[in-house]
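**Q** here's a sequence, model it:
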Amino acid sequence: MKKSIKKLFYKNFFKLISKIKAELLLSYFSYYLILKKTKNRYRNSVQNEINALVIEKGGFDTDLVPLQNSQKINLYLFPENWLMTVAKSYLDDEMHCQIEYHFKNDLISLNQKKKLESIFINILKYLQIKLDINVILVKNFDYFEHQDLCKAAKKINLKIAVIYCESVTTKFSAKSFAEAKSIKNRARFPFDLILVSGPDGKNLLVENKICSDDKVVVTGYCRTDVIYNSKNDADKKERNILILFDFGFEDLQFYGDEGYGALKLAYSVTKEFGKLSQKFSDKYKFIIKTRTNQDIEKVYNYLDTFNIKKTDITVTGDLQMETIVKNAKVAIGYNSTTTLELLGTNIPFVLPYWFEAKQNSKMGNSFFQPTHNPSYIPAESPEEFRKIIIDIVNNNYIDKNQNNLSKYREDFIYNSLYYIDGQASKRTFDTLEKLVLQNEK
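**A** Below you'll find the predicted structure:
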């Protein structure tokens, strides 16, 4: 009820703003919210040449913070909730969708989009004056709430770069991408350039005609610079963390037959990891890293059914990659980008490979193939998993591939992540700088 009242209020508020032609109020309010949101997130300097308006989205910080910390770029954060409020107030409910927005082309829908675009033109012009914005950064190319803002940007000659945070794919997810309605029906997306993490990401976009070859650049993920720099600072003698990256306590629908998860495997691994924590908690810190803090209690409650207590193990959604890279004695995970990123280190990586994992590999629904790679340590059963972890903890595990591990891992992750060499932020900045300078000529 409260949501409906709030939604109605904003819709009428924006109608009134439009009627009395007071769009300058929206521009000023947007500017005020940007400054407020940006203040505690990014440091900015007047000496920097690139002034980017970042369209806020969950998880985007992991790439943007390393970019700004190492390069001469200013980042101004356009709040996600404010963008949604503006967009949803002008667009009917049917268009509040990543797919259907692109196919609502009746007269009413087109007029709504046109009106929203004109609102954003005024806002962006004001931000150009106040903040000297010269490029817009978005996380994806097809979110409905970005479309009219990006169309407005193109109308006033502002460049749009997509730092594509979903460019790491399996064969299965690449097929799903190609079969999506917006891709199959050739929806047009407003942007100037897409930056991807690896060659596979570039091929995915070019082959599906999202953009031409010259409109996509392989840079790697900026977040991997943190891994590279932390790896160089790591002291092996101080490694006291065993970490499991949770992959099964979220929305169960995501982990159905069409998802890439392995729910039975996840619960089984969590149980085994929890039991191991009871044996070694006096010497090592066992951590389960969840994707979000919302899953913490679910994991604790599950562990409690096996009498595994909070004193035995830590479950958290907040753990810095630097901490993991510098302190992890072993990492355990399955199908996540973080899994691949950690192969940019020499930390022993254990892959649980029973239950759904084998089937997923055969279907191309996994980063890991049926023929295992020397980059990681496969555990084919709970018993083998326990033995491997105990051997690593007791320093009894001998990896016959250790001498060539870095080369194996570099080759394994290349197509997905390019190079984890500490230069991804520089490649990203150089690409954005070229785009901005091209705009100014």
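
**Q** does I34 touch P79 like I think?
**A** Yes: with contacts counted by C-beta atoms under 8 Å, I34 reaches P79, the gap being 7.2 Å. (Glycine included, C-beta is placed from N, CA and C.)

**Q** ok, those two, which is more surrounded?
**A** I34 (23 against 16; other C-beta atoms under 10 Å).

**Q** in contact with the more buried one, which residues?
**A** 53, 76-79, 127, 131 (C-beta atoms under 8 Å, 6 or more residues apart in numbering).

**Q** ranking these by neighbours, who comes first?
**A** Result: L53 is most packed of these (other C-beta under 10 Å), 26 neighbours.

**Q** wait, is it part of a strand?
**A** Yes: assessed by DSSP: H, G, I helix; E, B strand; the rest coil, L53 belongs to a strand.

**Q** any idea how far it is from K298?
**A** According to C-beta to C-beta, to the nearest Å, L53 and K298 sit 37 Å apart.

**Q** ok, which pair from the contacts of I34 is furthest apart?
**A** P79 and L131 (14.6 Å; C-beta to C-beta).

**Q** return the closest of the contacts of I34 with respect to I388.
**A** For the contacts of I34, the nearest to I388 is L77 (43.1 Å; C-beta to C-beta).

**Q** give me the three-state assignment for the closest one.
**A** Going by three-state DSSP: L77 is strand.

**Q** which ones are touching it?
**A** 34, 37-38, 41-42, 54, 56.

**Q** one more time with 10 Å, if that's ok
**A** 33-42, 52-56, 60-61, 64 (C-beta atoms under 10 Å, 6 or more residues apart in numbering).

**Q** go through the residues you listed and flag which are in helices.
**A** Residues of these located in helices (DSSP state H): 33-39, 61, 64.

**Q** could I have the PyMOL command that selects the buried members from those residues?
**A** Buried residues among these (16 or more other C-beta atoms under 10 Å), as a PyMOL selection:
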select buried, resi 33+34+37+38+61+64
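
**Q** any idea which of the ones in helices among the contacts of L77 is closest to A262?
**A** Distances from A262 to the ones in helices among the contacts of L77, taken by C-beta to C-beta, are shortest for D61, at 27.9 Å.

**Q** just checking, that closest one touches N69?
**A** No: under the criterion of C-beta atoms under 10 Å, D61 is not in contact with N69, lying 11.4 Å apart.

**Q** who touches both of those two?
**A** Y42.

**Q** and K309, helix, strand or coil?
**A** Applying three-state DSSP: K309 is coil.

**Q** now do the contacts for it.
**A** Per C-beta under 10 Å, 6+ apart, neighbours of K309: 274, 277-278, 281, 300, 303.

**Q** in a markdown table: those, plus secondary structure and pLDDT.
**A** A markdown table is the format used below for the contacts of K309 (DSSP: H, G, I helix; E, B strand; the rest coil; pLDDT from 0 to 100):
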| residue | secondary structure | pLDDT |
| --- | --- | --- |
| G274 | helix | 97 |
| S277 | helix | 97 |
| Q278 | helix | 96 |
| S281 | coil | 88 |
| Y300 | helix | 95 |
| L303 | helix | 96 |
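
**Q** where does P378 sit: helix, strand or coil?
**A** Per three-state DSSP, P378 ends up strand.

**Q** so what's it bridging to?
**A** Note on P378: beta-bridge partners by DSSP bridges are L351.

**Q** that one: neighbouring residues, count only.
**A** P378 - counted by other C-beta under 10 Å - has 17 other residues nearby.

**Q** could you do Q369 as well?
**A** Count around Q369 with other C-beta under 10 Å applied: 11.

**Q** OK, contacts around it?
**A** By C-beta under 10 Å, 6+ apart, the neighbours of Q369 are 171, 361-362.

**Q** out of those residues, the closest to L110 would be?
**A** Nearest to L110 among these, with distances taken as C-beta to C-beta, is K171, at 37.7 Å.

**Q** hang on, S173 in a helix?
**A** Yes: the assignment for S173 is a helix, going by three-state DSSP.

**Q** against I241, how distant is Y228?
**A** In terms of C-beta to C-beta, Y228 sits 19 Å off from I241.

**Q** got a pLDDT number for V168?
**A** On pLDDT, V168 comes in at 94.

**Q** that one: neighbour count?
**A** 24.

**Q** pretty sure it sits against N415.
**A** Yes: here V168 reaches N415: they are 9.4 Å apart, a contact under C-beta under 10 Å.

**Q** which residues are common contacts for those two?
**A** With C-beta under 10 Å, 6+ apart as the test, V168 and N415 both reach 197-198, 200-201.

**Q** identify the farthest-apart pair in the residues you listed.
**A** S197 and D200 (8.4 Å).

**Q** contact partners for the closest residue to Y126 other than its chain neighbours?
**A** Sequence neighbours aside, S27 is the residue nearest to Y126 in space, at 3.7 Å (criterion: C-beta to C-beta, 6 or more residues apart in numbering). By C-beta under 10 Å, 6+ apart, the contact set of S27 is 119-127, 129-130.

**Q** which of those are buried, as a ChimeraX select command?
**A** Entered in ChimeraX, the line below selects the buried ones among the contacts of S27, by 16+ other C-beta under 10 Å:
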select :119,120,121,122,123,124,125,126,127
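
**Q** in TSV, list the contacts of S27 along with pLDDT, secondary structure and distance to T431.
**A** Formatted as TSV, these follow (pLDDT from 0 to 100; DSSP: H, G, I helix; E, B strand; the rest coil; distance: C-beta to C-beta, whole Å):
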residue	pLDDT	secondary structure	distance to T431
I119	93	helix	30
F120	96	helix	25
I121	97	helix	26
N122	94	helix	29
I123	95	helix	26
L124	97	helix	22
K125	97	helix	26
Y126	96	helix	27
L127	96	helix	22
I129	95	helix	26
K130	95	helix	26
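
**Q** brilliant, that's me finished.
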